[in-house]
Every structure is written in structure tokens, then in C-alpha cells.
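Asks: pasting the structure only:
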């Protein structure tokens, strides 16, 4: 409910620093780190609103930033695993697997796929 209440308050006053702070704390408790970091960045943009929140915001970023990065990596790995599983289920009909394909990065930064 805290996230919803703070969101409603922010619809009325987009510069309400206390609502951003409370919502960021709620997002952290919900392990929605990216959204919490977005609110903290807004607090920093607003200069902490003169409430002493700028020091808190910097500590929040140091503490939650690595958690957000780890969460993104986990989600990326999960997505890649699911895509690979889907690709293998399709290619299995032809007696192939994604393991038969290799991606090689070219000098221009692009990738080429080779069968082998």
C-alpha cells in the first residue's frame, strides 16, 4: 500500500521528496531495486528537498546499486536460459540444437552466427 499511496501523492506533487524517499524504501523491501533507485535518483535531482536526504540517497545507491545489478544479471540469465530452451525445442524437430551454432563478434561490433 505504501507504493500506491506515495505514487498518488507524487501525482499531486511531483516534487514531494518525502514521498520519493518512502516509496524507494518500500521498493527496497519489495526487492524492486530498479524502481527504488529511480526514486532515489529523483531525490538527488531535487537536491534532497533541503531535508537532509541527499546523504541518505547516496548511501542507498551504494547499498542497493549492487543488488539491482545482481538482480538484472539473474533475470538476464533466466531469460537466456528460457530462450535457449525454446530454441532447442524448435530445433529438436530437425535433429539440431543451439549448441550447433556459435556466435562470433566481428570487428565492426556485430555478430555472425556459424553452424558447426
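Replies: Yep, that arrived. Quick caveat, the model's predicted, so the values are computed rather than measured.
Asks: Would you mind identifying the next helix or strand past the longest helix along the chain?
Replies: Identified as the longest helix of the chain according to DSSP state H is helix 53-91. Sequence-wise, the next helix or strand downstream of helix 53-91 (DSSP states H and E) is strand 101-105.
Asks: now that following strand: how far from the chain's centre is it?
Replies: Relative to its chain's centre, strand 101-105 lies at 27 Å (Cα atoms, centre = their mean, to the nearest Å).
Asks: Provide the contact partners of that strand at residue level.
Replies: Contacts to strand 101-105, defined as Cβ atoms under 8 Å, 6 or more residues apart in numbering, come from residues 111-116. Backbone N, C-alpha and C define where each C-beta goes, glycine included.
Asks: ok, then the element right after that strand?
Replies: Counting by DSSP H and E, the next helix or strand C-terminal to strand 101-105 is strand 111-115.
Asks: can you tell me which residues contact the residue nearest the centre of the chain?
Replies: The centroid of the chain falls nearest to residue 34 when counting by Cα atoms, centre = their mean (4.5 Å). Contacts for residue 34 (Cβ under 8 Å, 6+ apart) come out as 68, 71-72.
Asks: ok, now residue 61?
Replies: Neighbouring residues of residue 61 by Cβ under 8 Å, 6+ apart: 37, 40-41.
Asks: Per-residue pLDDT of it, please?
Replies: According to the prediction, residue 61 has pLDDT 85.
Asks: Can you give me the separation between it and residue 37?
Replies: 7 Å (Cβ to Cβ, to the nearest Å).
Asks: Repeat that for residue 9.
Replies: Taken as Cβ to Cβ, the span from residue 9 to residue 37 is 19 Å.
Asks: Between those two, which is the more surrounded one?
Replies: Taking other Cβ atoms under 10 Å, residue 9 and residue 37 do not tie; residue 37 has more neighbours (20 against 16).
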